[in-house]
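> fold the following.
(3 chains)
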Amino acid sequence: MTSDEIRAVLLSCLTDVAPEIADEEIADDADLRDELDLDSMDILRWVQGIHKALSVEIPEEDYGKIASLEDAIAYVGTRL
Amino acid sequence: MTAYRDAVRTALQTLLREDPRVFLMGEDVGRYGGPYAVSKGLLKEFGEERVRDTPLCESTFVGAGIGAALGGMRPIVEVMTVNFSLLALDQVVNNAAVMRHMSGGQFEIPIAVRMATGGGKQLAAQHSHSLENWYAHIPGIKVLAPATVQDAHDMLLAAVEDPDPVFIFEHQMLYGMEGPLDTEATPPSPWKAAIRRSGSDVSLIAYGGSVHKALTAAEKLEKERVSAEVVDLRSLRPLDRETIVGSVSRTHRAVVIDEAWKTGSLASEVSAILAEDAFYELDAPVVRVCTLEVPIPYAKHLEEAALPQVDRIVEAAKRSVGGG
Amino acid sequence: MAEFVMPSLGADMAAGTLANWRVALGDTVSRGDIIAEVETEKGLIEVEVFETGVVEALLVAEGEKVPVGTVLAEIRAVSAAVSAPASVPPSESAPGDIISSGASDVDLDGPMASPAVRRRAHELGVFLGGVEGTGDHGRITLDDVQHLAGAKAAPIASGDRVRISPYARRIATERGVDVLRIGGTGPGGAIRASDVLGARVPEPRKSVSAAERMQSAIAAAMTRANDEIPHYYVEHSIDMGNALAWLRETNASLSVAERLVSGAVVLRAVARALRKHKKLNATWQGGEVVPSDGIHVGLAVSLRGGGLVAPALRSTDEGSLSDLMARMTDLVSRARAGALRSSEMTSATITLTSLGERGVESVTPIIFPPQVAIVGCGATLERPWVVDGQVVPRPIMRVTLGADHRVTNGHQGARFLSALDGLLQEPEKL
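Presented below is the predicted three-dimensional model:
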């Protein structure tokens, strides 16, 4: 998959968790928890969505590595 | 590390030593040691009965090889290049390919034919053809294209063992290439394609001399964040549909590299297979990177421009990833 | 004959609007089936029926606002003989129109439109799916239908073919994405896989409530709580070390889909602690304490557009922790999507509000009437702590109990918090 496709899938999983953010412009380097007001339940559901869509498992200790969209794209890209 | 030509020679030696039915026949294979030095030293080791220089008449010695095979031998016929094999096409198409069928299975032709193929040495229009697709078109024979040193060795052993006519195409630019050779390992089936490099964005499908260009292109593409998978077809008849379709089902884009001309090429065949079996996986049209539709030029810069090169492969892959 | 009445879906609710029927005359319903959608200040709530039988009469038209307790439908229990469908009262929307239920060939689900509007749409060949009307609460009016008929806004496939790659079309079908509605970034505007992957699947349910209406409902409830309930507060700092360590260990051996969050652990501990502190798990009604039947903790869920709901997780103290986690996840996602059920809105016996994610150390919460207590948790932060005479860093969470002094006192509250602490020290037993 290309980075653009990964980004599209990650955003789609994110908007499944938080539908109202779909129309917002999310900066690639923005901290998702702060910018989008996501809590640990939201992050877990996002991780579960990513696992379902891309078969990539993100262990809890790596949650810090997917703090922003660009971090998450890079992280997922290496594990596809 | 072993040179491609030496790997072929090692296989020849093994076969000549172990099976008395095997003999090598072709132009300049004996006293001269082979036009590409593949059979160097073999005449001395095995003698004139086993390593036979032939007259300059392809239809005769290919026909003789067919006859020898009919008689129970396991001949390895070397045709200097695919360019000259045209003179023996009638023997191939109308005898070797059909005798099992026409005899109702009573006759088999266990002949192995090796030929050099391809361009790149400024040998000009008559001596630079890639006509693997003409052979791959014919039912009744099998066609192999070893692109690695290991395959150059293993495929010859498999070809001689096979009860049907097998044609092996050795790209002339590969004879000096060095690579690892393990003569003890159990070889994989020659009839399957191999993934030489895994990738996720586009499948670069190639055979013979084009495989290494595809690998080089894949490295360049990686620097531009395009992950290319390289598929070495290895067997041209039968084509390994499963591996081809499997690869594109994962990457959703295909670039087929074939040194033959595009029209009626093996690249076209692969494209048709993808349209049949991977239609719903394709995110962009299949791209074919082939030799331009001209007689192969003699002048170096023109020959280079005509044949498929790494930058054309890279450009095709990027276009494909961009949607076509 | 059983009656299905307009339920009270909140302490302050006096009347409700029957937005949509989800069943037709003659349908067989089972206990727990969704029978209608009711519009309240808190949004569109699905209402379940508690009888099993056949729908004999639908007595209120869609769009009608009726007081709580009004009989909306009659359901005949299954064993009795089914008589011919009872007659239905005429709709108030237009003279001469009749509610065409059961015999109608128009869909009773879907967009908010009165039967008269639906009939007109049907006559004019206007498709109402996904249409936002200009009436109250997004209701589709006759004018809207007229307008749509004129504009031919129905999304029928056009004569032009869509330029889309085969793979993209396949995944669009799989994901339920309408290819007519997405733009393509391929050559000539062709739609590629990445265009489909980035497209949003339309939400099947749209909450029709405005954020303002929800805010005013919250304002009313909180004002009442402040006016009527004599709050007292007890606070405690809990060492979450054992709980977090157990959680990390447990999650390492679970699949991604089964992972637990610490919120679920705290929720279970609160529920279990209530087993021996029943006076905190009660409601205040008509001047007296009414003990609650079962422990149903309401989870305060903030909605990202502003707004707050606290739906209940029934029998929060029972079942496995992984079940609780699954139920909690489901509840939170439905709460945020505006798809809560009536029973969840009305049955909380106590509320838990957790603001730890926002990084604040503690919260001093206000009780949701008619409940008599509320538990608020702050963030779990590393603090210097004394363990066996040594100062060591430990993860500490501050918990605040807000309680109704008419029902309990500080001593009882303190014992509850102490019990909660004890339970969180042995997370494996939860």
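
> let me see the ranges of the helices in the chain.
You didn't pick a chain, so chain A it is. Listed in chain order, the helices of chain A (DSSP state H) span residues A:3-17, A:32-36, A:40-54, A:69-79.

> correction: the question concerned chain B.
B:4-18, B:42-46, B:58-70, B:82-85, B:89-91, B:99-102, B:132-136, B:149-161, B:210-223, B:241-251, B:266-277, B:300-306, B:310-321.

> nearest to residue C:48, of those?
Checking these against residue C:48 by C-beta to C-beta gives helix B:241-251 as the closest, at 45.0 Å. (C-beta placed from N, C-alpha, C; glycine too.)

> what does stretch B:150-157 contact?
Taking C-beta atoms under 8 Å, 6 or more residues apart in numbering or on different chains as the criterion, the residues outside stretch B:150-157 that touch it are B:4, B:7-8, B:10-12, B:14-15, B:76, B:112, B:114, B:144, B:146, B:168, B:170, B:174, B:179-183, B:187-188, B:190, B:234.

> residue ranges of each domain in chain B, please.
By the assignment in automatic domain parsing, chain B contains the domains B:2-179, B:194-319.

> show me what contacts the residue in chain A positioned nearest to chain C?
Here the residue of chain A nearest chain C is residue A:8; by C-beta to the nearest C-beta that distance is 3.6 Å. Contacts for residue A:8 were tallied using C-beta under 8 Å, 6+ apart; they are C:194-195, C:197-198.

> what residues does chain A have near chain B?
The interface of chain A toward chain B, taken as C-beta under 8 Å from any C-beta of the partner chain, is made up of A:1-3, A:80.

> try it again with 10 Å
Of all the residues in chain A, those in contact range of chain B (C-beta under 10 Å from any C-beta of the partner chain) are A:1-6, A:77, A:80.

> pipe those into CSV and attach pLDDT, distance to residue B:23 and neighbour count per row.
Conversion of these to CSV gives the following (pLDDT from 0 to 100; distance: C-beta to C-beta, whole Å; neighbours: other C-beta atoms under 10 Å in any protein chain shown):
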residue, pLDDT, distance to residue B:23, neighbour count
A:1, 81, 53, 21
A:2, 87, 54, 21
A:3, 87, 57, 17
A:4, 87, 59, 19
A:5, 89, 56, 23
A:6, 91, 58, 24
A:77, 90, 55, 17
A:80, 83, 52, 11
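
> may I ask which two of those residues are separated the most?
Within these, A:4 and A:80 form the most distant pair, 13.6 Å apart (C-beta to C-beta).

> now the helices of chain B in JSON lines, with mean neighbour count, distance to residue C:306 and mean pLDDT?
JSON lines is the format used below for those (neighbours: other C-beta atoms under 10 Å in any protein chain shown; distance: least, C-beta to C-beta, whole Å; pLDDT from 0 to 100):
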{"stretch": "helix B:4-18", "mean neighbour count": "20", "distance to residue C:306": "72", "mean pLDDT": "98"}
{"stretch": "helix B:42-46", "mean neighbour count": "16", "distance to residue C:306": "87", "mean pLDDT": "98"}
{"stretch": "helix B:58-70", "mean neighbour count": "20", "distance to residue C:306": "85", "mean pLDDT": "98"}
{"stretch": "helix B:82-85", "mean neighbour count": "22", "distance to residue C:306": "75", "mean pLDDT": "97"}
{"stretch": "helix B:89-91", "mean neighbour count": "17", "distance to residue C:306": "81", "mean pLDDT": "98"}
{"stretch": "helix B:99-102", "mean neighbour count": "15", "distance to residue C:306": "80", "mean pLDDT": "97"}
{"stretch": "helix B:132-136", "mean neighbour count": "23", "distance to residue C:306": "68", "mean pLDDT": "98"}
{"stretch": "helix B:149-161", "mean neighbour count": "23", "distance to residue C:306": "67", "mean pLDDT": "98"}
{"stretch": "helix B:210-223", "mean neighbour count": "21", "distance to residue C:306": "47", "mean pLDDT": "97"}
{"stretch": "helix B:241-251", "mean neighbour count": "19", "distance to residue C:306": "44", "mean pLDDT": "97"}
{"stretch": "helix B:266-277", "mean neighbour count": "19", "distance to residue C:306": "52", "mean pLDDT": "97"}
{"stretch": "helix B:300-306", "mean neighbour count": "14", "distance to residue C:306": "65", "mean pLDDT": "97"}
{"stretch": "helix B:310-321", "mean neighbour count": "21", "distance to residue C:306": "42", "mean pLDDT": "96"}
